[in-house]
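K.L.:
What shape does this take:
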Amino acid sequence: MMRLVLATLFILTAGLTQADVAAVYDFDTREQEVRYQNLIAELRCPKCQNQNIADSNAPISQDMRNEVYEMMQAGASNEEIVDALVARFGEFVRYKPELDSRTFLLWATPAIAVFGGLLVVAGVVIRSRRVERQAAGLSAEERARAEQILKGQDGTSER
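P.N.:
Numbering: from 1, shown residues only. Next up, the predicted model:
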């Protein structure tokens, strides 16, 4: 009986040992807290696939959250904080990278795709109109042959 009680107690408390303590940051004003939440929501975790540092449990995200908090407490602006993290981790940490020579193709790809799609649609429409024009008009010889076929005078007989 004692073993059953100990096993049950062990199973119930096993989950507590795996719990991670979330960092709690103290802010002077509600605006600072909102600013912090916005900053960590717009920065991407370098380790995770498309997850911001606010939602990531990776240790690198915890370090980035700490750095954002410390820089905010030191009086850094949002641009300074983002620039410092970009300098440390690369352009990948931004969800919206700046337009420069390295990211031009990234920003231009949607416009190129739309323009290419419009060209394809225009080509299909033009081709279909050409085919309709060619099929719609019969020459006089073709019209006479069609009339003979319809009247049953096409010169062939069924025997």
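K.L.:
so where's the longest helix in this protein?
P.N.:
Counting residues, the longest helix found in the chain (DSSP state H) is helix 104-136.
K.L.:
roughly how far out does it sit from the chain middle?
P.N.:
25 Å (C-alpha atoms, centre = their mean, to the nearest Å).
K.L.:
Likewise for stretch 81-94?
P.N.:
20 Å.
K.L.:
What's the mean pLDDT across that stretch?
P.N.:
Averaged across stretch 81-94, pLDDT comes to 87.
K.L.:
domains of the chain?
P.N.:
As recorded under automatic domain parsing, the domains making up the chain are 22-93, 104-151.
K.L.:
from the ones you listed, which stretch is densest packed?
P.N.:
Mean neighbours per residue, mean count of other C-beta atoms under 10 Å, is largest over the domains of the chain for domain 22-93, with a mean of 14. C-betas here are computed from N, CA, C, even on glycine.
K.L.:
which residue sits closest to the spatially most central residue of the chain, ignoring its sequence neighbours?
P.N.:
Centroid check for the chain by C-alpha atoms, centre = their mean gives residue 50 as the closest residue, at 8.7 Å. Closest residue in space to residue 50, ignoring its immediate chain neighbours: residue 44 at 7.0 Å, by C-beta to C-beta, 6 or more residues apart in numbering.
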